[in-house]
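Student: prediction below, plus the sequence it came from.
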Amino acid sequence: MAGYSYSEVNRLDTPHSYMYTPFEGISFLSTFVETRLAAITSIEQRIEEKYPGSLAPVPISSAPSSLLLPIQMQLSAFLIDLINSSRPGEMPSPQKEPVETRDLLFHLLHQLMQAEPDHESAIWLNHLCRWFEVRKVISTRYPHPRRRGIGESRDLQLYGLAALALSLALPHYDNYKHLNALLKLDDLLCSVTGEVSADRVAAVATCFAIKNELKTIELLMGRSGIKQ
Amino acid sequence: MRLDDIAIVAAETNRSQVYLQALVQYELYPNFVLVMVNPDRQRRPGQKEIESQTQIKTTDQDETLIEQFDIKYNPAETVVATLQRSGIPYLAIESADINSDPVYYEITHRNESVFIYSGYGGGILKKRVLSCGKRWLHVHGGYLPDYKGSTTNYYSLLRENCCGASSLWLESKIDAGPILLRHKVEAPQNRKSIDYDFDSLLRARVLLDTIEGYLTNGMNWNFGVGVCTGGETYYIMHPLLRHIAVLGDPALSGQ
C-alpha cells in the first residue's frame, strides 16, 4: 500500500500545512480509506483487550428533517453515558466567554446527539474549526473564542472528543468546513494511534469519529459519481 | 495605454505570467513591476513544475471557457520575458517575501499609489506593508463574500459546480476589504488544472475588467460592489476533499 503521508509522522509534533498538496489520482482515495481502517483496527484491538465492550456501537438519530446527509451516526454506550454524565451547567456564550475546552466539547456532544442542536452549537463548532485549522492544536482553555488558546495542547482526549463532535455535526449542518477540520484532526489522531490507545476516552472517541467520517466520505463519493 | 499610477508586485508564478500577458494583450501597461525572484531557486507555492507548463489538456468545453475569458496565454513565456518584450520597466529582486526589507524599500520608494499584488502563494501582507501609503489591489480566487479564505474554488466546486474570482482592496482582515468586481463561472470539465491555469485565467479576466472599470470611470476607483461583509471563511482544503472535488462528475456536483 502506498503511504498516506498525512498520518505518517506525529502530527502533534510536526503539523502538516496542507498547502499545495499533490494530486494523486483515484488511488489516493483507496489509500486514505485503508489507512483509516488500519488505524481503527489498531486502536480497537488494544481497547477491547483492556476495556471489553467499550466499542459496541449504538446508532443515534440525526436531524429528522435533514436530507443533507442522511447518515446514521454511531456512538458507543460508554461514550453516551460519559457525555450525559459530564455535561456541566449551561453552554457558554459563543460571543465572548472564556471556555474550558473539555466542558465545551461535552456540551457540544450532548447537543449534537439531539435531533436539533441549539443555535450556539453552530457558532461554537465554527470556533472549534478555526482554533484547529489556524494553529493545528487544541488547547485546554480559550480565554476568548477569538483568541489563541492557552494551557496544555497535547491532551488527546480533547482531540478525540473534538473529532467526535465534528463527525456528529455533519448530518446536522452539511458543512464542508466541519468535514475539512475533521479530516485533518483524524490525520493527527491516526498519526499517534499508540498514544491514543493509551487513553480509553481518546481511543473510543477517535474510533467513532473515524467511522462516522468514513461513512460521510463514502456518501460524498457516491453523490459525486466516484467509483473506486 | 500606460497605467501611470499602477505598479505590480509579481513573482515567477503561473498567475503573474497570465496577469502580465493578459495586460499586454490588452495594451494595458503598468508603470512598473517588481519581480520577486526566489533566492533559493526551490519551487515555491504557485509555481508549476517546468515540465508540466507547456502542455495543458483541455476538453472542448474547456477551450470554450478559455475563449470566454478571451486571453491568449503562453505558459512557456516567463514574467521577465513578457516585461522585456513589452518594454515595461521592472526590477527583479532576490526575495520571495513581500514583507521583507528589500521589497518594502522598493515599494515605498515608488510614486505609484496603487500596487497590484501577485506574489507567491500563501504570502500575506503584514501591517507594515499594508500601511505604507499604497493601496493594494488583489484578485481573490473565489466569489466574495460567499467564499472567503483559502482554496475557495474547491469549496464552490463541491457546493455549486462553479468557480469565482473577485478583485478587492487588501486590508488587515483577510478577504474583508471593499470588493471592486467579481465573476462567477461554470467549473471546467478538466478540474485538475484549476489550481493553475483556469484559476489564473479567471483572475486575470477579473483584473482586466477591474482596470477597464477604473479607466471607464475616469481613472477613478470609486466603483464596485462595495463592502465585503458576511459570507464564510474557508481553510485550506484537505487533499481527500480536493480529490473528490476534482474527480467528481461535474453533472452531479452541487447536490
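Tutor: Arrived safely.
Student: my guess is residue B:113 contacts residue B:5. True?
Tutor: Yes. When contacts are counted by C-beta atoms under 8 Å, residue B:113 is listed as touching residue B:5 (5.4 Å). For every residue, glycine as well, the C-beta is placed using N, CA and C.
Student: neighbours around residue 182, how many?
Tutor: Picking chain A for this. For residue A:182, the number of neighbouring residues by other C-beta atoms under 10 Å in any protein chain shown comes to 27.
Student: hmm, I had chain B in mind actually
Tutor: Using other C-beta under 10 Å: residue B:182 sits among 23 other residues.
Student: I'd assumed it was in a strand, is it?
Tutor: Yes. Counting by DSSP: H, G, I helix; E, B strand; the rest coil, one finds residue B:182 located in a strand.
Student: ok, the closest residue to residue B:169 other than its chain neighbours to chain A distance?
Tutor: The shortest distance from residue B:169 to any residue that is not its chain neighbour, by C-beta to C-beta, 6 or more residues apart in numbering or on different chains, is 4.1 Å, and that residue is residue B:177. Here residue B:177 is placed at a distance of 19 Å from chain A (C-beta to the nearest C-beta, to the nearest Å).
Student: got phi/psi on residue B:139?
Tutor: Its backbone dihedrals place residue B:139 at phi -110, psi 110, with angles given as degrees, to the nearest 10.
Student: tell me if stretch A:86-98 is near chain B.
Tutor: No. Counting by C-beta under 8 Å from any C-beta of the partner chain, chain B is not contacted by stretch A:86-98; separation bottoms out at 15.7 Å.
Student: of all the residues in that stretch, which ones are buried?
Tutor: For stretch A:86-98, a neighbour-count test (16 or more other C-beta atoms under 10 Å in any protein chain shown) marks A:86, A:87, A:91, A:92, A:94 as buried.
Student: please apply the same query to stretch A:129-145.
Tutor: Buried residues in stretch A:129-145, defined by neighbour count with 16+ other C-beta under 10 Å: A:129, A:130, A:131, A:132, A:133, A:136, A:137, A:138, A:139, A:140, A:142, A:145.
Student: kindly report the same for stretch A:105-121.
Tutor: Of the residues in stretch A:105-121, those scored as buried under the neighbour-count criterion (16+ other C-beta under 10 Å) are A:105, A:106, A:107, A:108, A:109, A:110, A:111, A:112, A:113, A:117, A:120, A:121.
Student: and residue A:221, what does it touch?
Tutor: Applying C-beta atoms under 8 Å, 6 or more residues apart in numbering or on different chains, one finds that residue A:221 lies in contact with A:29, A:228, B:244.
Student: out of those residues, list just those in helices.
Tutor: Taking DSSP state H, the ones among the contacts of residue A:221 that sit in helices are A:29, B:244.
Student: any chance of the contacts of residue A:221 in TSV, with pLDDT too?
Tutor: Listed next are these as TSV, based on pLDDT from 0 to 100:
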residue	pLDDT
A:29	96
A:228	71
B:244	95
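Student: are any of the contacts of residue A:221 buried, and which?
Tutor: Among those, the ones that count as buried by 16+ other C-beta under 10 Å are A:29, B:244.
Student: which one of the contacts of residue A:221 is nearest residue A:179?
Tutor: Proximity of the contacts of residue A:221 to residue A:179 was ranked by C-beta to C-beta; the top entry is residue B:244 with 10.1 Å.
Student: correct me, but that closest one touches residue A:218?
Tutor: No. Between residue B:244 and residue A:218 there is no contact under C-beta under 8 Å: 10.9 Å.
Student: in terms of secondary structure, what does the longest helix seen in chain B contact?
Tutor: With residue count as the measure and DSSP H as the assignment, chain B has helix B:199-216 as its longest helix. On a contact count with 3 or more C-beta pairs under 8 Å, 6 or more residues apart in numbering or on different chains; DSSP states H and E, helix B:199-216 meets helix B:14-25, helix B:60-69, strand B:135-140, strand B:162-169, strand B:179-186.
Student: ok, 6 Å please
Tutor: Using 3 or more C-beta pairs under 6 Å, 6 or more residues apart in numbering or on different chains; DSSP states H and E as the contact definition, the elements that helix B:199-216 packs against are helix B:14-25, strand B:135-140, strand B:162-169, strand B:179-186.
Student: which of the buried residues of stretch A:129-145 are close to chain B?
Tutor: The overlap between the buried residues of stretch A:129-145 and the neighbours of chain B (C-beta under 6 Å from any C-beta of the partner chain) comes to residue A:133.
Student: can you redo the buried residues of stretch A:129-145 as CSV with secondary structure?
Tutor: Output for the buried residues of stretch A:129-145, formatted as CSV (three-state DSSP):
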residue, secondary structure
A:129, helix
A:130, helix
A:131, helix
A:132, helix
A:133, helix
A:136, coil
A:137, coil
A:138, coil
A:139, coil
A:140, coil
A:142, strand
A:145, coil
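Student: tell me the helix or strand right after the lowest-mean-pLDDT helix or strand in chain B.
Tutor: For chain B, counting by mean pLDDT, DSSP states H and E, helix B:60-69 ranks last in confidence among helices and strands (a mean of 70). Per DSSP states H and E, helix B:60-69 leads on to helix B:79-86 as the next helix or strand towards the C-terminus.
Student: so that following helix versus helix B:14-25, what angle?
Tutor: Angular relation of helix B:79-86 and helix B:14-25 on a 0 to 180 degree scale: 10 degrees, by axes from the mean of the first three to the mean of the last three C-alpha atoms, to 10 degrees.
Student: how about residue 155, nearest residue that isn't a chain neighbour?
Tutor: Picking chain A for this. residue A:140 (6.2 Å).
Student: think we crossed wires, I meant chain B
Tutor: Among residues not flanking residue B:155 along the chain, residue B:234 sits closest, at 5.0 Å (C-beta to C-beta, 6+ apart).
Student: give me every residue in chain B lying close to chain A.
Tutor: Checking chain B against chain A by C-beta under 6 Å from any C-beta, the hits are B:45, B:122, B:155, B:192, B:235-236, B:238-240, B:243-244, B:247-249, B:252, B:255.
Student: which non-adjacent residue is nearest residue 201?
Tutor: Just going to use chain A. Residue nearest to residue A:201 in three dimensions, not counting chain neighbours: residue A:157, with 4.9 Å by C-beta to C-beta, 6+ apart.
Student: if you could check chain B rather than the one you did, that'd help
Tutor: Closest residue to residue B:201 apart from its sequence neighbours, by C-beta to C-beta, 6+ apart: residue B:69 at 4.7 Å.
Student: my guess is the one you found contacts residue B:203. True?
Tutor: No. Distance between residue B:69 and residue B:203: 9.8 Å, which falls outside the contact criterion (C-beta atoms under 6 Å).
Student: with that, I have no additional questions.
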